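Engineer: Need a 3D model of the sequence below.
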Amino acid sequence: EWISAINIEVSDNNTLQDTDKVRYILFEDATRDVGVGENATLLGMIQMETPTKSSPTFPIDYALSIKYESREQEELNSLDVAAIKRFRKKYSDDNELMQKFVGMTACHIIGHDNIKEGILYMVTNAKPDKPEMRQRLHGILISPPALAKTALLRYATTLTSKSTFETCQTSTGLSLFAMVEKEGDMRMTRLGPIARSLFAATDEFNRTGNSDQEKYLGAMQEGFFTSNKFGKGARIICPVTILASINPP
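Structural biologist: Numbers count the residues shown, from 1 in each chain. The predicted structure is shown next:
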């Protein structure tokens, strides 16, 4: 008897580190409509197996169920709503409210209040697009060195989960977004840190070439990009918000 099965690779949503990747095998109904780059909760089991008598024993992870978190509606609980109402009542004026938010932002960096306000707009809108409109806002900081651009970028990634800070000096567009690797008879689409993030701060953006910068455009505008290599095609959902920095020549 034969059943459908596919290999997937998952990583820790909090760290986004390559060392935290775990490979699972999905079966039957779980193989349908597999989401690439989505948050998912997997329930499974690990078994130690030896394919042949002469081969080593190694662990194999079998998934019993998979649930995609982004496909379910998230709602605030009553305590969240009450806290927001108390804060809003204390700062009822819109200008006063924004000044309070800016004053709470990056307190270790003096000044740059206009940039801090822009970062708050970007972070609060760093979420998947709605069908009727795109809410994501992208930004770029352009200034001479030693004006706290990198510090602001690093701080911005602490304001929301599923965010990453990347330097462009030694990175390529493929490594930051997606690559298709050949492993024996299998083709594995490996997502880069930006493709797995909702908010990405990219330092020294001008160090990337034009061809690498073009790889950002589809994700920034449409919230997805396609990958077609080794005869393997994939539509990768990537609603990332980009905050970049540039030192002018």
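Engineer: tell me which residues in stretch 53-64 are buried?
Structural biologist: Within stretch 53-64, the residues that qualify as buried by neighbour count (16 or more other CB atoms under 10 Å) are Asp61, Ala63. For every residue, glycine as well, the C-beta is placed using N, CA and C.
Engineer: contacts for it?
Structural biologist: Contacts of stretch 53-64 with the rest of the structure, by CB atoms under 8 Å, 6 or more residues apart in numbering, involve 8, 22-27, 30, 42-50.
Engineer: Helix, strand, or coil at the residue most central in space within the chain?
Structural biologist: Note on the chain: the residue nearest the mean C-alpha position is Ser197, at 0.6 Å, using CA atoms, centre = their mean. Taken by DSSP: H, G, I helix; E, B strand; the rest coil, the conformation at Ser197 corresponds to coil.
Engineer: ranges for the strands of this protein?
Structural biologist: Using DSSP state E, the strands found in the chain span residues 5-10, 22-27, 40-49, 58-68, 139-142, 163-167, 178-183, 186-191, 199-203, 224-229, 232-237, 241-246.
Engineer: Sheet-wise, list the partners of the longest one with their directions.
Structural biologist: Here strand 58-68 has these sheet partners by DSSP bridges: strand 22-27 (parallel), strand 40-49 (antiparallel).
Engineer: now the angle from it to strand 5-10?
Structural biologist: In terms of direction (axes from the mean of the first three to the mean of the last three CA atoms, to 10 degrees), strand 58-68 departs from strand 5-10 by 80 degrees.
Engineer: mind checking how far Ala201 is from Leu141?
Structural biologist: If you measure Ala201 against Leu141 using CB to CB, to the nearest Å, the figure is 10 Å.
Engineer: And Gly223, its phi and psi?
Structural biologist: phi 80, psi 10 (degrees, to the nearest 10).
Engineer: could you measure the nearest residue to it once chain neighbours are set aside against Arg86, distance?
Structural biologist: Computed as CB to CB, 6 or more residues apart in numbering, the closest residue to Gly223 that is not its neighbour in sequence is Pro239, at 3.9 Å. When CB to CB is applied, the distance between Pro239 and Arg86 equals 31 Å.
Engineer: go on, Ser211?
Structural biologist: Here the distance between Ser211 and Arg86 works out to 51 Å (CB to CB).
Engineer: returning to that earlier point: quick check: beta-bridge partners of the residue nearest to the residue nearest to the centre of the chain when sequence neighbours are not counted?
Structural biologist: The spatially closest residue to Ser197, leaving aside those adjacent along the chain, is Thr164, at 4.6 Å (CB to CB, 6+ apart). On the basis of DSSP bridges, Thr164 takes part in beta bridges with Ala200.
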